[in-house]
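Undergrad: Take a look and give me a structure for this.
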Amino acid sequence: MGAIYRGDVPYAGGGDASLTGNLTASVTVGGVSAGDTFNDGDNLEIVLRNILSPTLYPTLTAPSATISATGTKLLEKGSSLATTFTITFNRGSINPAYGTSGYRSGAANEYTLDGTTQSSNTFSKTITESKTSYQGSVSYLAGEQPKDSNGGNYSTPLPAGSVNTNTINYEFVDAIWANTSDITAVAKLSLTSKTTKQRDMHFPAQTVANPEIFDIPAEWTVTAVQVKNDLSGQYEDASAQFTVTNVNHDNAGGVSTAYKRYTFNMGMATGARDIRVKWS
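TA: Here you go, the predicted structure:
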């Protein structure tokens, strides 16, 4: 380091300058924090570099992977679904890159799903009730050496390895049946996940000859049947208004399935109304 100047006047001695005693910073300046100490004899260039050009380090983010699939995740029992799974690999990051590519890991070299390992990240599968949960994985090559802001090595390269994806789950359920579209005909409704534990249905006006009917899978334990009070907007217990009998419907695979049929038993006509069924 050359002579140290104050304005146009050099310090005595010129040449390299060093501290003549320990120096503890009382305030934070640049890369020097309050409380940092420089020792007697340290070159003043060290002090200035720490203030003006501190060494900075990158943030290292590990690689990750996600899986997605086409089509619905809620299916009727007895059905199947042809779908395509896609595994997306994120190589993680070195941020700032400081002269590297900015990736924490090397490139992906293998993708695995359901016992199949390949170089492509897409998989064609047919989903059935025999397997309803899917998780993939990605194998990757070793990453490069991270650097600090001064070009020095920081931490270590990420070795070759693998990472798992999230899990995709499919649910197979029996459909609810009801005469909500046509009071004269009971028909299959759109699917409802069993985990929602309730279904709201809007029925058209009923007559004595054609009462409200809804069929719930027998394996679902019904805990409440309620009718919406149009004045209060609240659902109120209506379980006594329905008689329960046993019926069967074929599922999507043609298998006969047991149901509990709920039939309005008041022997009177009513206007259109909303019914809520709850189950466990």
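Undergrad: In terms of helices and strands, where is the residue nearest the centre of the chain?
TA: Most central residue of the chain, judged by C-alpha distance to the mean C-alpha position with Cα atoms, centre = their mean, is N166 at 7.3 Å. Assigned by DSSP states H and E, N166 belongs to strand 161-169.
Undergrad: Counting neighbours, which bits of that strand end up buried?
TA: Neighbour-count burial for strand 161-169, counted by 16 or more other Cβ atoms under 10 Å, picks out V163, T165, I168. (Each C-beta comes from the backbone N, C-alpha and C, glycine too.)
Undergrad: Within its sheet, name the partner strands of that strand and how each one runs.
TA: The pairing partners recorded for strand 161-169 under DSSP bridges are strand 133-140 (antiparallel).
Undergrad: how far is the strand it pairs with from where the chain is centred?
TA: 15 Å (Cα atoms, centre = their mean, to the nearest Å).
Undergrad: Using PDB, write out every CA atom in that strand.
TA: Output of strand 133-140 as PDB, limited to C-alpha atoms (Å, rounded to 0.1, in the frame of the first residue of the first chain):
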ATOM      1  CA  SER A 133     -50.600 -43.000  -4.500                       C
ATOM      2  CA  TYR A 134     -47.700 -41.900  -6.700                       C
ATOM      3  CA  GLN A 135     -44.300 -40.300  -5.700                       C
ATOM      4  CA  GLY A 136     -41.400 -39.900  -8.100                       C
ATOM      5  CA  SER A 137     -37.700 -39.200  -7.700                       C
ATOM      6  CA  VAL A 138     -34.900 -37.500  -9.700                       C
ATOM      7  CA  SER A 139     -31.200 -38.500  -9.700                       C
ATOM      8  CA  TYR A 140     -28.700 -35.700 -10.500                       C
END
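Undergrad: ok, and what's touching it?
TA: 63, 65, 67, 69, 85, 87, 89, 91, 105-114, 121, 123, 125, 160-170 (Cβ atoms under 8 Å, 6 or more residues apart in numbering).
Undergrad: can I get the buried residues of strand 161-169 in CSV with distance to S33 and pLDDT?
TA: As requested, these are exported to CSV (distance: Cβ to Cβ, whole Å; pLDDT from 0 to 100):
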residue, distance to S33, pLDDT
V163, 36, 98
T165, 42, 98
I168, 48, 98
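Undergrad: wait, doesn't Y98 sit right on Q145?
TA: No: when contacts are counted by Cβ atoms under 8 Å, Y98 is not listed as touching Q145 (10.5 Å).
Undergrad: related to what we said a few turns ago, so the residue nearest to the centre of the chain touches S68, yeah?
TA: No: applying Cβ under 8 Å, one finds N166 not in contact with S68, separated by 9.0 Å.
Undergrad: where in this protein is pLDDT low?
TA: For the chain, applying pLDDT under 70 flags the ranges 1-16, 30-31, 45-46, 49-50, 52-53.
Undergrad: at 90 what do you get?
TA: Low-confidence segments of the chain (pLDDT under 90): 1-55.
Undergrad: How is it divided into domains?
TA: Domain segmentation of the chain under automatic domain parsing yields 5-52, 59-173, 177-279.
Undergrad: Now for F123: which residues touch it?
TA: Taking Cβ under 8 Å, 6+ apart, we find F123 in contact with T84, F85, I87, Y111, L113, D114, T116, G136.
Undergrad: Now it: which helix or strand?
TA: Per DSSP H and E: F123 is located in strand 122-127.
Undergrad: in its sheet, what does that strand sit against?
TA: With DSSP bridges as the test, strand 122-127 is paired with strand 81-90 (antiparallel).
Undergrad: ok, residues contacting the partner strand?
TA: Contact with strand 81-90 is made by 63-72, 75, 108, 111, 113, 121-127, 134, 136, 138, 140, 163, 165, 168, 170, as judged by Cβ under 8 Å, 6+ apart.
Undergrad: buried residues in that strand?
TA: Neighbour counts over strand 81-90 (16+ other Cβ under 10 Å) mark L81, T83, F85, T86, I87, F89, N90 as buried.
Undergrad: now swap in stretch 169-189 and tell me
TA: By neighbour count on 16+ other Cβ under 10 Å, the buried set for stretch 169-189 is 170, 172-180, 183, 186, 188-189.
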